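Q: Structure of the sequence below:
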Amino acid sequence: MEVKPFEAIVREHGPAVLRVCRAVLGPQDAEDAWSETFLAALRAYPGLAPGANVQAWLVTIAKHKAIDSHRAAARRPVPVAELPADDRDTPSGAAGRDVPGVDGGRGDNDALWAALKTLPRRQREALAYHHLGGLPYAEVALLLGGTEAACRRSAADGMKKLRALTLEESP
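A: A predicted model of the protein is given here:
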């Protein structure tokens, strides 16, 4: 089997990996995760088994980068306009997370991302990996853990909720 140059891998699979990153992380953090995915993939590419599913491999790396991004975001302080009057009852780090107009400087204005954020993480990831990443449900099940049927159900439930939200927002 002929080994493709890594540049060809990026051209072929880059758009699908970016769609997955956007669906899982949102538009603001997706490009960083995409870059980190391909940097990690470049280092590991020489050791990839011949005949491996390259797209599934890349989406798996993107999933790990998304997890890293979520963990890093949880550690970042959240700016607030004004401290609560009495924050003794507020758990450390939670102040300001639900303050209207405070979004951590990200400005999430994308309607699709706003709708995707309302989904539970498992539904959002099942949709991203299958519909945007192009992975079969069997591989989505390996990424998320669980069965193929459970991943199908998560994706179907997520799609149903997205459709309902879209109908609510339509005039």
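
Q: Okay, buried residues for the helix or strand of the chain with the lowest mean pLDDT please.
A: When the helices and strands of the chain are scored by mean pLDDT, DSSP states H and E, helix 111-117 comes last with a mean of 79. Residues of helix 111-117 classed as buried: 113, 115-116 (neighbour count, 16 or more other Cβ atoms under 10 Å). No exception for glycine: its C-beta is placed from N, CA and C like everyone else's.

Q: Counting by contacts, list what it packs against.
A: Counting contacts by 3 or more Cβ pairs under 8 Å, 6 or more residues apart in numbering; DSSP states H and E, helix 111-117 is packed against helix 121-127, helix 148-169.

Q: Out of these, which one sits most buried?
A: Of all the helices and strands packed on helix 111-117, helix 121-127 has the most neighbours on average by mean count of other Cβ atoms under 10 Å, namely a mean of 21.

Q: So what angle separates the directions of the following helix or strand past that one and helix 148-169?
A: Once helix 121-127 ends, the next helix or strand along the chain (criterion: DSSP states H and E) is helix 137-144. Inter-element angle recorded for helix 137-144 and helix 148-169: 90 degrees (by axes from the mean of the first three to the mean of the last three Cα atoms, to 10 degrees).

Q: which residues sit against helix 137-144?
A: Outside helix 137-144, the residues that touch it by Cβ atoms under 8 Å, 6 or more residues apart in numbering are 53, 56, 59-60, 63, 122, 125-126, 129-130, 135, 147-148, 150-152, 154-155.

Q: List phi and psi for Leu135.
A: Note on Leu135: backbone dihedrals following degrees, to the nearest 10 are phi -90, psi 140.

Q: And for it, the neighbour number?
A: Residues lying near Leu135 (other Cβ atoms under 10 Å) number 24.

Q: Look at the closest residue to it other than its chain neighbours and report its pLDDT.
A: Closest residue to Leu135 apart from its sequence neighbours, by Cβ to Cβ, 6 or more residues apart in numbering: Tyr129 at 5.0 Å. At Tyr129, the predicted lDDT confidence score is 89.

Q: Tyr129 and Thr37, how far apart?
A: Tyr129 sits 13 Å away from Thr37, going by Cβ to Cβ, to the nearest Å.

Q: Look at those two and report which has more neighbours.
A: Using other Cβ under 10 Å as the criterion, Tyr129 and Thr37 rank with Tyr129 on top: 29 against 25.
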